[in-house]
Every structure is written in structure tokens, then in C-alpha cells.
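**Student:** Structure, please.
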Amino acid sequence: MLLIARSIILAVLLTLAFFFAIILCIVRPMHRDNVHVIAKLFSSVAPILGIKVITRNAVINPQVDTGAEANTGTDTETEASLKQPKIYLANHQNNFDLFTHTSAVPEATVSLGKKSLAWMPLFGQIYWLSGNILIDRKNRHSAFDTMAKTVKRMREKLLSVWIFPEGTRSRGRGLLPFKVGAFHTAIAAKASIVPVLASCQNHIKLNKWNNGVVIVEMMAPMSTANVDKADAKKLCAKVHQVMSQRLAELNQEASLLMAKPQ
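**Tutor:** Predicted coordinates for the structure are as follows:
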């Protein structure tokens, strides 16, 4: 019964969200904050699914438990830093990312998605009109051209880009190997890399009343200012290691929180 009721509620809410997104994209197509607004809309659905999302942001608050040093700069320096384009690298687990990861999507941020999304009825058109970037990963020349245009767009419009570097859903298999394209883009744009992690979501079921805790953590930025493009693979391996270690810690923390009596 819960599965049916929740599925109906979810369908209604998603339909309303899509209508809102369509109107938003028609009124201000390709606007720099469209993705942020729509992301917040989807993240608000998490409680209805029985998910408690704990969101942490080391970019805004560097004193969260991510190993980041406290910010000793002025407020003006901090504000300027926040406005600088970044590459957000997020783990990709399953469809529930739509309701968990979205809680952390900042303003002036678009995502990078596969070109085939454009052919999905309604969703694909909204995705494109929101200002997101479509890439043809099967066409190497086209993919390089898209990433070059992405770097130019980041510089000219001060846009950040949200990327799932695994390239596919992990479905509980841990952090899959990263594709190196995101790192070439970060180096070319001289943009800091910000790892974003959502703890394990395998326990989430629509027929469960309480789906426990998911911790979404935006870690401290990692500078690429002095990194050469020849070191992209080395940087990729380093970031993967840092994210893998932190993901294991977040999974353990989330498990302990769910084990506590409510």
C-alpha cells in the first residue's frame, strides 16, 4: 500500500515539477541559475520518500568535518572565491541521486550529461533549456569540441560545471573508475575541483516508510592552478583516492546514524 501511495504522490509531484521547470525555462531559457532552482525543487521531495538528507558544504563553510582548513581570508576574498567557476565531481549511484545530490547544487552551475538525454520526451528538452551541457561521449572529436566550448563558457559566464566522472551509475559497486575528461577541463579552465559525495543509497526502497539517512558532502576545493595537462591522469587518480576514502567514512557515519534509536 505504501509503495502505491508513494508512487502516486511521487508521480504527481514530478509532474508539477516538470510543469514548473517548463515555465521557468520558457521565461528564462539557458539562465545561469535554472539548474540550481530546479535542483532545489527535486531535493525537497526527499522527506516524502522517507529520506533524511544531511547536506554539508565545505565551499561555503570550510570548517565542516572534511579535513579542510578554516578560512582565514576576508569576507570579500571568500565571496570572490565562491564566485569563481569550479568543477564539481559527484559520485553517481542510482535514480535517487535526483533527490539527494540535488540538495548541494549551487547557483551558477550547470551539469554535463550525455547527448542521448536530449531525445527523452519532456525531460530532455527541459534538461537542455535549463542550460545544461550535452556531450557525445561516443564521438571523440565531438566530445573534445564540447569540452573546449565548456571551458570558454566557464570563463566568459563564470559558470561552474557539475560532472559525474564515473560516467555511469555505480549501483552499489562503490566508486567506479573516473573518466579523465573532467580533469582536462578543470586544468584548461584553471578551475578548482570540488568532490561531492552522497553516502550509500542502496537501502532506499519506495515501500519502506523510513529510508534512513543519506549524507551529501561537498568537500574542500582542490586547486588546479599549477597542474599541467600532462598530469591529468595523475590528478584523476589522486581525486579518486581522496573521494573513495571519504565515501567509506561517510557510509560508516550514515550507518551509525541509522542504527541509533529514533
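**Student:** Could you pull up the contacting residues of the closest residue in space to Lys114 that isn't next to it in sequence?
**Tutor:** With sequence-adjacent residues excluded and distances taken as CB to CB, 6 or more residues apart in numbering, Lys114 is closest to Arg137, at 6.0 Å. Glycine gets a C-beta too; all of them are placed from N, C-alpha and C. Taking CB atoms under 8 Å, 6 or more residues apart in numbering as the criterion, Arg137 is in contact with 114-115, 143, 167.
**Student:** quick one: pLDDT of Arg137?
**Tutor:** pLDDT recorded at Arg137 is 79.
**Student:** If you average pLDDT per helix and strand, which one of the protein comes out bottom?
**Tutor:** Among the helices and strands of the chain, helix 75-83 carries the lowest confidence by mean pLDDT, DSSP states H and E, at a mean of 59.
**Student:** Whichever helix or strand comes after that helix: partners in the sheet, and parallel or antiparallel?
**Tutor:** Next in sequence after helix 75-83, counting helices and strands by DSSP states H and E, comes strand 86-90. Applying DSSP bridges, strand 86-90 is found paired with strand 160-163 (parallel), strand 192-198 (parallel).
**Student:** Show residues contacting the shortest one.
**Tutor:** Outside strand 160-163, the residues within contact range by CB under 8 Å, 6+ apart are 35, 85-90, 105-106, 108-112, 133, 150, 154, 182, 185, 191, 196.
**Student:** and what of the longest one?
**Tutor:** With CB under 8 Å, 6+ apart as the test, strand 192-198 has contacts from 59, 84, 86-91, 93, 97, 100-101, 104, 162, 183, 186, 214-224, 235, 239, 242-243, 246-247, 250.
**Student:** Please tell me how far Cys25 sits from Leu41.
**Tutor:** Noted for Cys25: a distance of 13 Å to Leu41, by CB to CB, to the nearest Å.
**Student:** and the residue lying closest to Met120 once chain neighbours are set aside, how far is that from Cys236?
**Tutor:** The shortest distance from Met120 to any non-neighbouring residue, by CB to CB, 6+ apart, is to Tyr127 (7.8 Å). To Cys236, Tyr127 is 26 Å away according to CB to CB.
**Student:** likewise Ala21?
**Tutor:** According to CB to CB, Ala21 and Cys236 sit 33 Å apart.
**Student:** ok, which stretches of the stretch 51-200 of the chain are helices?
**Tutor:** 75-83, 97-100, 123-129, 140-157, 181-189 (DSSP state H, counting those that start in this stretch).
**Student:** most neighbours per residue, which of those?
**Tutor:** Ranked by mean neighbour count, those are led by helix 181-189 with a mean of 23 (mean count of other CB atoms under 10 Å).
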